[in-house]
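Participant: Below are the sequence and a predicted model; questions follow.
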Amino acid sequence: MIISIFEDFQIFDAGSKSSVEKIINKISITSSDVTLNLSRCILDYPATSLIIDKILNDLLRKDSPRVLIIQTHLNIIEILLLHWLFIGSIFFQIDDSKKKIMIDEFKALINKKLSSKKIKLQLQIIDKSGNLLTEFTYGKH
């Protein structure tokens, strides 16, 4: 199942609370394998994390294996992406105070929660043609 925020919802700002509320109300997870395409979207915490929380919580009701692939065009350092995607997450219990911890600690928080829920998460950096540039994997491998 592929959810493309820009193409499916015509929403460019996946970092604003009002946009995110519209997205969350329209998302219906029908598969245990979900791709969330955030390409061409603005990301910002805590709003973007609410979309991811919705999908992860819905995935918990699906049979294993459960996979969430998050795609973005933002080719920036991993820790900055993790902040934009997960600070404010209720699922991960990551608040603003966690942005000062080292990347290994931040990833450990994510890995621990995903592994305990038997979810694999892949963060993919793609170019404008959809080609994979970089991939990070977290959780159950």
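Facilitator: Received, thanks.

Participant: Residue 62: neighbour count?
Facilitator: The tally of other residues near residue 62 (other Cβ atoms under 10 Å) stands at 16. Every residue, glycine included, has its C-beta placed from N, CA and C.

Participant: would it count as being in a strand?
Facilitator: No. Counting by DSSP: H, G, I helix; E, B strand; the rest coil, residue 62 falls outside a strand, being coil.

Participant: quick one: it and residue 1 touch, right?
Facilitator: No. Taking contacts as Cβ atoms under 8 Å, residue 62 lies outside contact range of residue 1: 10.2 Å.

Participant: Need the residues touching each of those two.
Facilitator: Contact criterion Cβ atoms under 8 Å, 6 or more residues apart in numbering; residues shared by residue 62 and residue 1: 29, 31.

Participant: excluding its backbone neighbours, what's nearest residue 106?
Facilitator: Distance criterion Cβ to Cβ, 6 or more residues apart in numbering; nearest residue to residue 106, sequence neighbours excluded, is residue 82 at 5.6 Å.

Participant: which stretch of helix or strand covers that neighbour?
Facilitator: helix 78-86 (DSSP states H and E).
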